[in-house]
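[1] Give me the fold of what follows.
(one chain, ligands or ions: 2)
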Amino acid sequence: MIIKTAEFIKSSGRWQDCPEAVMPEYAFIGRSNVGKSSLINAMLNHKDLAKTSQTPGKTQLINHFIINEAWYLTDLPGYGYARVSKSMRKDFEKLINNYILNRKNLVNLFVLVDVRHTPQKIDLEFIEWCGENGVPFSIVFTKVDKLKPNAVLANVEEYKKELLKTWEDLPEIYITSAEKKEGGDAILKFIAETNAF
Ligand code: GTP
Ligand code: MG
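    Numbering: from 1, shown residues only. Ligands and ions are numbered 1, 2, ... in the order given. Sure thing, here's the model as predicted:
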């Protein structure tokens, strides 16, 4: 897919405040600092569209972008950010969960996981929650430039094994690096294929 236009629309603190659900929507989610905003920028070939930071917890609102005037891309706040209070974490969780469950035009969630880590409980629980609630999702490994190719493969295999303990079929899997601008095209291809724009 060729990106002709990519515009920021708005940030929302409640799912009810999100832009009108008039176009298909794809959302990026994952732990704080996993690289959601960076991958969005790399994929769209925009340096600074989604705000990134070395400090986890940068994205605290639901950010909507409109791409090619045809579909929404959403940058969600990260879950599991340890350095905020418990009640704030609960609020984030509620915001994210309500958004996912109520957003009628949501076609797919891209769940980002850092390829350097072994499967983390918080991600596996989130993936499980998606399954229980019938939320369509794909898994996106991030920051693959930080490991040697063999280590990337080994970690991805380990992740698949973990998923197969609870899932009969594996979801779509993407292997990406925002730094090297890799993997974004495959995600865009999936988006184009799941929608007739
Ligand atoms: P929150 O908004 O806080 O939830 O974080 P986020 O998931 O949006 O992460 P963000 O894109 O802000 O990136 C976090 C940090 O990881 C930044 O310092 C990025 O430069 C770095 N980063 C993101 N993607 C990559 C990547 O593919 N490779 C490398 N080496 N670093 C990356
Ligand atoms: Mg972010």
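
[2] Pick out the residue nearest the middle of the protein.
    Centroid-nearest residue in the chain: residue 28, 2.1 Å away (criterion: Cα atoms, centre = their mean).

[3] Any part of the helix or strand where it lies near ligand 2?
    Assigned by DSSP states H and E, residue 28 belongs to strand 25-30. No - shown here: strand 25-30 not in contact with ligand 2 (Cβ under 5 Å from the ion), separated by at least 8.4 Å. C-beta coordinates here come from the backbone N, C-alpha and C atoms, glycine included.

[4] same deal with stretch 86-102?
    No - Stretch 86-102 does not reach ligand 2 (Cβ under 5 Å from the ion); its nearest approach is 12.4 Å.

[5] May I see the buried residues of that stretch?
    Within stretch 86-102, the residues that count as buried by 16 or more other Cβ atoms under 10 Å are 92, 95-97, 99-100.

[6] who touches the residue nearest to the centre of the chain in this structure?
    36, 39-40, 73-76, 109-110, 112, 140 (Cβ atoms under 8 Å, 6 or more residues apart in numbering).

[7] rerun at 6 Å
    Contacts for residue 28 (Cβ atoms under 6 Å, 6 or more residues apart in numbering) come out as 36, 40, 75, 110.

[8] Identify all residues paired with the last one through a beta bridge.
    For residue 110, the beta-bridge assignment (DSSP bridges) gives partners residue 28, residue 138.

[9] Got the phi and psi for residue 119?
    Torsion angles at residue 119 (phi, psi; degrees, to the nearest 10) stand at phi -50, psi 130.

[10] okay, now residue 147: neighbour count?
    Here the count is done by other Cβ atoms under 10 Å, and residue 147 has 17 residues near it.

[11] can you pull the contacts of it?
    For residue 147, the contact set (Cβ under 6 Å, 6+ apart) comprises residue 116.
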